[in-house]
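*Asks:* please work out how this folds:
(chains A and B)
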Amino acid sequence: MTASVNLDHALILAAALFTLGLLGVLARRNIIFILLSIEVMLNAAGLAFVVAGAKWGETDGQVMFIFILAMAAAEVSVGLALMLRMYHMLKTLDADAAGSMKG
Amino acid sequence: MLEFLWLIPALPFAGSLVLAFAGRRLSRGGIAAFGVGSVGLSCITAFAVAAGFIGQAPPGHFYVQRLWAWLSVGGFTPEISLYLDALSLVMMLVVTFVGFLIHLYSSEFMIEEEGYGRFFAYMNLFVGSMLTLVLADNLLLLYLGWEGVGLCSYLLIGFWYKDPANGLAARKAFVVTRVGDTAMSIGLFLLFTNLGTLQIQELMRLATERWAVGSGLAVAAAALLLGGALGKSAQLPLQTWLPDAMAGPSPVSALIHAATMVTAGVYLIARTHVIFSLAPVVQEAVAVIGALTLLLAGFSALTQTDIKRVLAYSTISQIGYMFLALGVGAWSAAIFHFMTHAFFKALLFLGAGIVINALHDEHNMFKMGGLRSQVPVTFWTFLVGASSLSALPFVTAGFYSKDLILFETWASPAGSRWLWAAGLLGAFLTSLYTFRMVFVTFYGDAKMQVSRKPGAIMTVPVVILAVLSVLAGFLELPSSLGNVRIITSFLGSALPSETVSPGAAGAGTALMIVASAVSLAGIFAAYLLFFKKNLAADRLAGFVPGRMLHRLWFSGWGFDWLYDLLFVRPFFWFARSNKDDFSDLVYLGMIWLTGRFNNMLSVSQNGKVRFYAAGIAFGAVVVIAIAVFL
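*Replies:* Below you'll find the predicted structure:
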C-alpha cells in the first residue's frame, strides 16, 4: 500500500455522508427516502471503520464493516416489510401519517 | 345505712339506661314511673344515708366507700370510690331532693312533648352525673361527673332541637364551659405531676405539707381550678352561656341552671378550699370576680323582658354572692346560700314555667300581667320565692343566707368594705329586678287569657319548695336573732370555720339592719316604678344616656358582641380562608407538578418518526459533546 488515503480526509468524508444521511432522515417525509438515508448513514459509519482499520493495519475495521452490511440487509428487509404494511393500511408513504398510531 | 351510699348515684344512672334503651316501648306512665321513681328512690336513700351519718357520725366525720379500681397506669391508680362528709352530704341532699321535685313537676309539665322518654333519660343522667360530681373521692371521678353534667346540659338545652336557635344555645353553653373545663383539666395535670395523686383528701394534705402559702405552684393550681369553676358557674368572664341556656324547657332551667349544675363551681372551690387558702391572691380574685359578677348580672337583669332571662341573670348574680363568700373564706355561708338559692330559684323557675305554659309559651313579661287572680297558687308561691330571692327580712331563707354572706364580707379579715358595698348594692338590685318581675307579671291589667292551669302534680312541688324557701332560713340565725348555727356547725367538720376580725363581731346587728333596709328599699323602688308607675321607668330609659345604658344592660354588657368580635369572627375568617386546607398546598403542588411534567412528555410522544429521529440525533450530539468536552 503506497498511496494511502489521508485519515483526516476520509473521516471528514464519513462525517459528511453521515450528516447528509441524518438530514435526509429528518427532512424527507417519504418513507423510502428515509430508509435510503439510513443506508447512507450506515455506510458512512462503515467507511469510518474501514479507514480506521487501514490506519492501524488491523482487520477489525473490515470485520466490523461486514457486520454492519449484514445488519443493514436485515434492517432493510424488516423496514421494507413494515413499509409495505404501512402502505396497505394508510395508502400513503408519508412517514408523518403514521403519527395516528401514537398513544 | 352508710353502705347504701353507692345506690344514690347508681339509681338515676340505672333509670337513665332503662329509659334510653326501653323508653320507646314504655307508655308515658311507665316512663314517668322510671324517670321520677329512680330519682325519688335515690332521694329516699340519700335521706336514709344522711340519717345514718348524722345519727352516728363515722370516725373523723367522713365515710369512704371504695367500689372498684378504675385503672392502674404507672403509679396512677384512681378508684371509683365515694366520699361522704358534711359538705357532700348537704350537696347530695339538695341535689336529690330538689331534683326529685323537679322530676315530679316535669312528669306533668312535659306530658305533651314528643321526646318524653328522651327527656327523662337526659334528666336522670344529669342527676346521676351531678351526684357523681359531689360524691367523688378523687378529682378524676369528679371530673367525670363534671363532664357528664356538661354533656347533659348540652342535651337538655337543645332538647327542642328542631329550632336551630336552641341548638345554637346548646352549643354555646357547651363551648363556653369547655373553655373553663380545659383550664381545669390542666389544673388536674399540674396537681398530679406535682403531688402524685388525685385523691382529694390526700391532695389537700400533701398541698399543705409541700407548698408554702402564696407559692407559685399553689397559685397556678388554684387559678386553673378557678378557671373551671368560672366556666361551670357562669361567672365573669365566662357567664355568657347561661342567659342563652334558657332555650331549654323550664324544668331544665330549674334543674340545671338554678339548683345543681351551676353550683358545681362553688362546690369545687369549697372542696379544694385548702389549695385556695394556700393562694391568697387567687382567693381574693374569687371574691372580686363574685362581686363584679353579681353587680353586672344584677344590672342586666333589670332590663330583661323575658321572664326566664331575668331569672337567668339573677342566677348568675346569686352565684356571684356564693363566690364572694368563698373568696372571703366564708365557706359555710356559701354552701348555706347555695342551699336556700336551690330552693327559691327552683321554685321561681317552676313558677315561671307554669306561667309560660298557661299563656301559650309567652316569655315576654310585658305581654303578661294581671295573673294574680288567674293562677292564685302560682302567684303566692312565686311571691314567696321572689321575697326569698330579694331577701325580705326575717321571714325568708334568702335573707338569712345573704345576710350571713354580707356579714362575713364585712367582718372577715379577707373581706373589705368595698366588697361589702358591692354586695349591698347587689342586694338592692336584686329586690328591684325581682319585684319588677312580680309586679309586671302578676299585677296590672290582664293582657292574655290563661289557657292551661297547672295540675296537682305541678302544684305540689312548687308548694313544697315555697315552704322550704321560708323554713330553710331558720337553720341558721344570726346571734342577735337566737343564734342558731345548725348549718355552720354541721359543715364545721368538713370546712374551716369563718374567722371574724376583732371589733367587727359586734357590727352584726347594725349590718343586718342596713341590709334589711336596702332590701326593702329595692322592693319599694320596684313598687313605685312598676306598680304605681308614677316615676315611669320608660321615661328614665327615654333619655339618651339612659337609653344607651338600657341597651348595654339588655345585651348583658355587650359580652356576646365582644366575644363575637374577638374570637368568633376571627375564627370564622380563619376557617373560611383555610377552607381548602392551605397546608395541603405542598401536596397539591406536587400533584400539579407531576401533571405538568406528564403533559410535557406526552407532547413529545407525537408519533412522528422524524421527530424521534431528531431526538435521537440531538441526544447523541449532547452525549458526544459531553464525552468530548468534559
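
*Asks:* for chain A, longest helix please?
*Replies:* In chain A, assigned by DSSP state H, the helix with the most residues is helix A:60-90.

*Asks:* and that one, what does it pack against?
*Replies:* Helix A:60-90 sits against helix A:31-56, with contacts defined as 3 or more CB pairs under 8 Å, 6 or more residues apart in numbering or on different chains; DSSP states H and E. Any C-beta I mention is one placed from the backbone N, CA and C, and that applies to glycine too.

*Asks:* anything in the helix it packs on near chain B?
*Replies:* Yes - counting by CB under 8 Å from any CB of the partner chain, chain B has neighbours in helix A:31-56: residue A:34.

*Asks:* quick one: buried residues of that helix?
*Replies:* The neighbour-count check on helix A:31-56 (16 or more other CB atoms under 10 Å in any protein chain shown) flags A:31, A:34-54 as buried.

*Asks:* tell me the pLDDT of residue A:17.
*Replies:* On pLDDT, residue A:17 comes in at 94.

*Asks:* again, but for the one 3 residues further on
*Replies:* As summarised for this prediction, residue A:20 has a pLDDT of 94.

*Asks:* burial check on it, number of neighbours?
*Replies:* By other CB atoms under 10 Å in any protein chain shown, 14 other residues sit near residue A:20.

*Asks:* surely it meets residue A:39?
*Replies:* No - Residue A:20 is beyond contact range of residue A:39, at 11.6 Å (criterion: CB atoms under 8 Å).

*Asks:* give me the low-pLDDT residue ranges for the chain?
*Replies:* Since no chain was named, I'll use chain A. A:1-4, A:101-103 (pLDDT under 70).

*Asks:* please refer instead to chain B.
*Replies:* For chain B, the ranges with pLDDT under 70 are B:258-259, B:479-482, B:500-506, B:533-544.

*Asks:* contact residues of chain B facing chain A?
*Replies:* Near chain A, when you scan chain B using CB under 8 Å from any CB, you find B:605-610, B:613-614, B:617.

*Asks:* the residue nearest to residue B:390 when sequence neighbours are not counted: what secondary structure?
*Replies:* Leaving aside its sequence neighbours, residue B:390 sits nearest to residue B:431 (CB to CB, 6 or more residues apart in numbering or on different chains; 3.4 Å). Classification of residue B:431 using DSSP: H, G, I helix; E, B strand; the rest coil returns helix.

*Asks:* residues contacting residue B:431?
*Replies:* B:390-392, B:518-523, B:526 (CB atoms under 8 Å, 6 or more residues apart in numbering or on different chains).

*Asks:* now with 10 Å, please.
*Replies:* Neighbour list for residue B:431: B:386-387, B:389-392, B:398, B:518-526 [criterion: CB atoms under 10 Å, 6 or more residues apart in numbering or on different chains].

*Asks:* what's the answer for residue B:164, then?
*Replies:* residue B:158.

*Asks:* distance of it relative to chain A?
*Replies:* Residue B:164 sits 55 Å away from chain A, going by CB to the nearest CB, to the nearest Å.

*Asks:* whichever residue of the stretch 351-500 of chain B sits closest to chain A: how many residues sit nearby?
*Replies:* Closest to chain A within the stretch 351-500 of chain B is residue B:361: 72.0 Å, counting by CB to the nearest CB. By the criterion of other CB under 10 Å, residue B:361 has 7 neighbours.

*Asks:* one more: the one 3 residues further on?
*Replies:* A total of 14 residues lie near residue B:364 under the criterion other CB under 10 Å.

*Asks:* for residue B:530, see how far away it is.
*Replies:* For residue B:364, the distance to residue B:530 (CB to CB, to the nearest Å) stands at 15 Å.

*Asks:* next: residue B:67.
*Replies:* In terms of CB to CB, residue B:67 sits 54 Å off from residue B:530.

*Asks:* out of those two, which sits in the busier spot?
*Replies:* residue B:530 (19 against 14).

*Asks:* got a list of what the more buried one touches?
*Replies:* If you count contacts by CB under 10 Å, 6+ apart, residue B:530 has them with B:432, B:435-440, B:443-444, B:536-537.

*Asks:* skipping adjacent residues, who's closest to it in space?
*Replies:* Per CB to CB, 6+ apart, closest to residue B:530 is residue B:439, 4.2 Å.
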